[in-house]
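> have a look; sequence and predicted model below, questions after that.
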Number of protein chains: 2
Amino acid sequence: MAMTIADIAKIAGVSRATVSGVLNNSPTVSAKTKDRILAIIKKYDYRPNEIARALALNQTGIIGLIVKDISNPLYSEIALGVEDVCGQEGLSVIIGNSHKEWDREVAHINLLKRRRVDGLIIFPLQKGADVRHIADLKKEKYPFVLLAEIPGIEADLVRADDEVGAFQATEHLINLGRKRIGYITGPQSALASDRRLSGYRKALKKHGLVPNDKHVIRGGWRLKDGYKVGKEFLSCETTCPDAVFCYNDSVAIGVMRAFVENGVRVPQDVAVVGFDDAGVGAYLETGLTTVAQPAMEIGRRSAMRLVELIRLKDNAQKPKKLYLQTKLQIRETCGANKKGSVSVQKK
Amino acid sequence: MAMTIADIAKIAGVSRATVSGVLNNSPTVSAKTKDRILAIIKKYDYRPNEIARALALNQTGIIGLIVKDISNPLYSEIALGVEDVCGQEGLSVIIGNSHKEWDREVAHINLLKRRRVDGLIIFPLQKGADVRHIADLKKEKYPFVLLAEIPGIEADLVRADDEVGAFQATEHLINLGRKRIGYITGPQSALASDRRLSGYRKALKKHGLVPNDKHVIRGGWRLKDGYKVGKEFLSCETTCPDAVFCYNDSVAIGVMRAFVENGVRVPQDVAVVGFDDAGVGAYLETGLTTVAQPAMEIGRRSAMRLVELIRLKDNAQKPKKLYLQTKLQIRETCGANKKGSVSVQKK
DNA sequence: ACAATATCTTAAATCGGTTCAAATTTATGG
DNA sequence: CCATAAATTTGAACCGATTTAAGATATTGT
């Protein structure tokens, strides 16, 4: 088996306490013994057992991150940000996928609590779900940060400012001279879709455009949802919009496909704007203009906040809510002219 | 603080050993006391401390997964597969990003060893790197599975069968009547690129086509690498290929972009095939034909193998190497006809 | 040189579980 | 009813670290 602190102590002819002192560089151990023991530790390649340490210290140095699906670029980039910050702090990250299933979300949280992780970052199920497990976290003062609001629960939160993002996108379309701007919503359960709708409406209002109910259509989150709505738009010629703002990029691509198939040109006839900028937009022949989520930054900031909560211990203070700026990524589906050279994304 | 096994024991009026027996449903504890204690556990919402458990059992129920960058769709899908299998086994997964940096890879492995994770799945740096840390794992009989070969180290491995994948893609191009088929390589350090080149060559050979050195060009892994090579191809008209097989999808998209910009039509003038099928191909206007990596399956199988290694304990047996089948995903850049009413019209 | 301090080291308790030989209780059969 | 076997339960050691009061050594001032 691996070396233990006792082995090192015996070899060095000191007590375990002294070795422990060296490991945690306590100032009370003399420089001489410290160096001597350090040398021994190195020589025998001794690696302190973090499990034993965690038990004694009552902290694991591990946090949990629960997302719906790590293979979704949005979440994986969030994860990257989380891991980045945590890595710097010496924390490890356990990832759990809820797959949008309540049972799995609960099971993951329970397991992570048993593992005594120091804190949790959770992208929770939202509307209509039983959220007692989250409420419990709060009651137990377990450090955690949410990546999406849960109605009825006041907790630390980090997310993109959807409303402003949507507002800016819509305003951009208006400034380009578009008059009949449509919005394709996300799935019913997505609060973010409601907020984006709200930003969209505010922009119309500000510029004196009258919202047309026919232009707000329930969509979804997949390409085919957008495609379907695109066909719908085309069927009623009189009200066909000259610009479409979409819940996300997949929907935007779907709606574009429907348009293009029917000879409707993007952006000449209809401009299109997506949301998320989740990796695809830049690869399209006609680059997709989209509201970029600061996904990496969401990950980073939520991790930083979580670290704060963990350090604070006595977190009696009020939860902080952080709304990060989106960035309108202008490409060819509206705004930018098609250029003769590749626009190479940095990153 | 949270309840401990001692608290439950006291409440139930039994010893800690008995409660422990209940938790691990040992057959020696009577049904009656078992039910009674179970009720108490539920009532007080007692959650056993997995840290203490890990210390006593000398196993953590955690595994480590080290990839280059979790925000890369290929790796995030692998991660999904790993987490899926591990979840079923009650294992948690710690993810570490090496960012292609040797230091980080080593640091992650070291930390995970200190955390006494039960095993590791590693996508390692390859060519030219110091791999002693991996060799050490083997020496210490630490259970681990690699997702890419390391020259000189015999270890358990799960990866896609690049060579066969490349062979099939190339053969497909040949069967479509293409005669001058090019290959754009990946970065120098990628062993996978060499294997794909080899598959490509075998296919040419099998069908009696003479390989042309001008058609194998060093590329890279980014869109702009492909774009650059595309321009190169175009500059020497006489040797311009009528089909290009690319190291990955990004390169394929880059080369397509170069072609399209110069009025060369895909697939009519030049067919293009990518590799990976990492999420983008299906979203393009002209769907990208590509060799799909079984990423999820790679994750699943590597996790399954790791679980085996962990269970086996005495893993004196020979490492197993698993090469998973790729799948040629035929879309419009070669092979499939564009679906829908509109054919590929110039804009 | 000696008492008073300042430095360093250690023994033992603790964290919250598991394990197993030994002790206790219950069941069986003659 | 008692001896014996079978079924349960328990006490104490253990996993590998940290922590702190107390003990040991070294240093200082006079």
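Alright, I've got the coordinates.
> residues contacting A:C334?
Under the criterion of C-beta atoms under 8 Å, 6 or more residues apart in numbering or on different chains, the contact partners of A:C334 comprise A:H172, A:L173, A:L176, A:A243, A:P267, A:A271, A:V272, A:V273, A:T289. Every C-beta, even on glycine, is put in place using the N, C-alpha and C of the backbone.
> what about it, which SS state?
At A:C334 the chain is in coil, as set by DSSP: H, G, I helix; E, B strand; the rest coil.
> again with A:W221
A:W221 falls in the coil class when you classify it by three-state DSSP.
> kindly report the same for the one 5 residues further on.
Secondary structure assignment for A:G226 (three-state DSSP): helix.
> quick one on the thing from earlier: tell me which of the contacts of A:C334 has the lowest pLDDT.
Taking these together, the minimum pLDDT is found at A:P267 (90).
> quick one: low-confidence parts of chain A?
A:1, A:237-239, A:313-316, A:336-347 (pLDDT under 70).
> kindly report the residues of it close to DNA strand C.
Taking C-beta under 7 Å from any atom of the strand as the criterion, chain A approaches DNA strand C at residues A:13-18, A:21, A:28-33, A:52, A:55-56, A:58.
> the residues you listed also near chain B: which ones?
Restricting these to those touching chain B (C-beta under 8 Å from any C-beta of the partner chain) yields A:A52, A:L55.
> and the residues of chain A next to DNA strand C, which are buried?
Taking 16 or more other C-beta atoms under 10 Å in any protein chain shown as the criterion, what is buried in these is A:V14, A:T18, A:G21, A:V29, A:T33, A:A52, A:L55.
> do I have it right that A:I181 meets A:C240?
No: no contact is recorded between A:I181 and A:C240 when judged using C-beta atoms under 8 Å, the distance being 11.6 Å.
> and those two? which has more neighbours close in?
Between A:I181 and A:C240, counting by other C-beta atoms under 10 Å in any protein chain shown, A:I181 is the more crowded of the two (26 against 19).
> what about A:G279, how many residues close to it?
Number of residues near A:G279 (other C-beta under 10 Å) recorded here: 22.
> how about it: what's its closest non-neighbour residue?
A:P73 (4.3 Å; C-beta to C-beta, 6 or more residues apart in numbering or on different chains).
> check contacts around the one you found.
Taking C-beta under 8 Å, 6+ apart, we find A:P73 in contact with A:A278, A:G279, A:A295, B:S71, B:P73, B:S76, B:G279.
> measure the residue of the stretch 1-150 of chain A found nearest chain B to B:S71 for me?
Closest approach between the stretch 1-150 of chain A and chain B, counting by C-beta to the nearest C-beta: A:S76, at 3.9 Å. Here A:S76 is placed at a distance of 5 Å from B:S71 (C-beta to C-beta, to the nearest Å).
> for the two, indicate the residue with more neighbours.
A:S76 (28 against 25).
> isn't there a strand covering A:F245?
Yes: in this structure, A:F245 lies within a strand as judged by three-state DSSP.
> hey, what's it bridged with?
For A:F245, the beta-bridge partners under DSSP bridges are A:Y183, A:V273.
> isn't it up against A:I181?
Yes: shown here, A:F245 and A:I181 form a contact pair, counting by C-beta under 8 Å, at 6.4 Å.
> what residues are shared contacts of the two?
With the criterion set as C-beta under 8 Å, 6+ apart, the overlap between the contacts of A:F245 and A:I181 is A:T170, A:L173, A:Y200.
> now the last one: phi and psi?
For A:Y200, the backbone dihedrals (degrees, to the nearest 10) come out as phi -60, psi -50.
> quick one: contacts for it?
A:Y200 is in contact with A:A166, A:F167, A:A169, A:T170, A:I181, A:Y183, A:F245, counting by C-beta under 8 Å, 6+ apart.
> look up how far DNA strand C lies from it.
51 Å (C-beta to the nearest atom of the strand, to the nearest Å).
> do the same with A:Q59
Counting by C-beta to the nearest atom of the strand, the gap from A:Q59 to DNA strand C is 11 Å.
> rewinding a little: can you flag which of the contacts of A:Y200 belong to helices?
In helices, defined here by DSSP state H, the members of the contacts of A:Y200 are A:A166, A:F167, A:A169, A:T170.
> compare the residues you listed and tell me which is most surrounded.
For these, counting by other C-beta under 10 Å, the largest number of neighbours falls to A:A169: 30 neighbours.
> can you pull the contacts of the closest residue to A:E105 other than its chain neighbours?
Counting by C-beta to C-beta, 6+ apart, A:E105 lies nearest to A:S98, which is 4.0 Å off, once chain neighbours are set aside. Taking C-beta under 8 Å, 6+ apart, we find A:S98 in contact with A:I66, A:V67, A:K68, A:D69, A:R104, A:E105, A:H108, A:F123, A:L125.
> at 6 Å instead, please
Under the criterion of C-beta atoms under 6 Å, 6 or more residues apart in numbering or on different chains, the contact partners of A:S98 comprise A:I66, A:K68, A:R104, A:E105.
> then A:V117?
A:V117 touches A:T60, A:I62, A:I63, A:G64, counting by C-beta under 6 Å, 6+ apart.
> for A:D161, grab the count of nearby residues.
18.
> that one - nearest residue in space that isn't next to it in sequence?
Beyond its immediate neighbours in the sequence, the residue positioned closest to A:D161 (C-beta to C-beta, 6+ apart) is A:Y323, lying 4.1 Å away.
> can I assume the one you found sits in a helix?
No: under three-state DSSP, A:Y323 falls outside any helix and is assigned strand.
> what are the bridge partners for it, then?
A:R159.
> for burial, what's the neighbour tally of it?
Neighbour tally, A:Y323, other C-beta under 10 Å: 14.
> quick check: it vs chain B, distance?
Between A:Y323 and chain B the distance, using C-beta to the nearest C-beta, to the nearest Å, works out to 22 Å.
> which stretches of the stretch 151-300 of chain A form strands?
Using DSSP state E, counting those that start in this stretch, the strands of the stretch 151-300 of chain A run over A:157-160, A:181-184, A:216-217, A:243-246, A:271-276, A:289-292.
> the last one packs against which elements?
What it means is strand A:289-292. Other elements packing on strand A:289-292 under the criterion 3 or more C-beta pairs under 6 Å, 6 or more residues apart in numbering or on different chains; DSSP states H and E are strand A:271-276, strand A:327-329.
> 10 Å instead?
On a contact count with 3 or more C-beta pairs under 10 Å, 6 or more residues apart in numbering or on different chains; DSSP states H and E, strand A:289-292 meets helix A:162-175, strand A:243-246, helix A:249-261, strand A:271-276, strand A:327-329.
> same question, the shortest one
The criterion is 3+ C-beta pairs under 10 Å, 6+ apart, and the helices and strands that strand A:216-217 contacts are strand A:181-184, helix A:191-206, helix A:223-235.
> give the pairing partners of it; include direction for each.
When DSSP bridges is applied, strand A:216-217 pairs with strand A:181-184 (parallel).
> for the partner strand, buried residues please.
When neighbours are counted by 16+ other C-beta under 10 Å, the buried residues of strand A:181-184 are found to be A:I181, A:G182, A:Y183, A:I184.
> which residues does the last one contact?
Contact criterion C-beta atoms under 10 Å, 6 or more residues apart in numbering or on different chains gives A:193, A:196-197, A:215-220, A:225-226, A:228-230, A:232-233, A:241, A:244-248, A:251-252, A:254-255, A:272, A:274 as the residues in contact with A:I184.
> neighbours around A:L112, how many?
Here the number of neighbours of A:L112 (other C-beta under 10 Å) works out to 25.
> next SSE downstream of the helix or strand where it lies?
Using DSSP states H and E, A:L112 sits in helix A:102-114. Per DSSP H and E, the first helix or strand lying C-terminal to helix A:102-114 is strand A:119-122.
> same for the next helix or strand after that next one, what does it pack against?
On the C-terminal side of strand A:119-122, the closest following helix or strand by DSSP H and E is helix A:132-139. Counting contacts by 3+ C-beta pairs under 10 Å, 6+ apart, the secondary-structure elements packed against helix A:132-139 are helix A:102-114, strand A:119-122, strand A:144-146.
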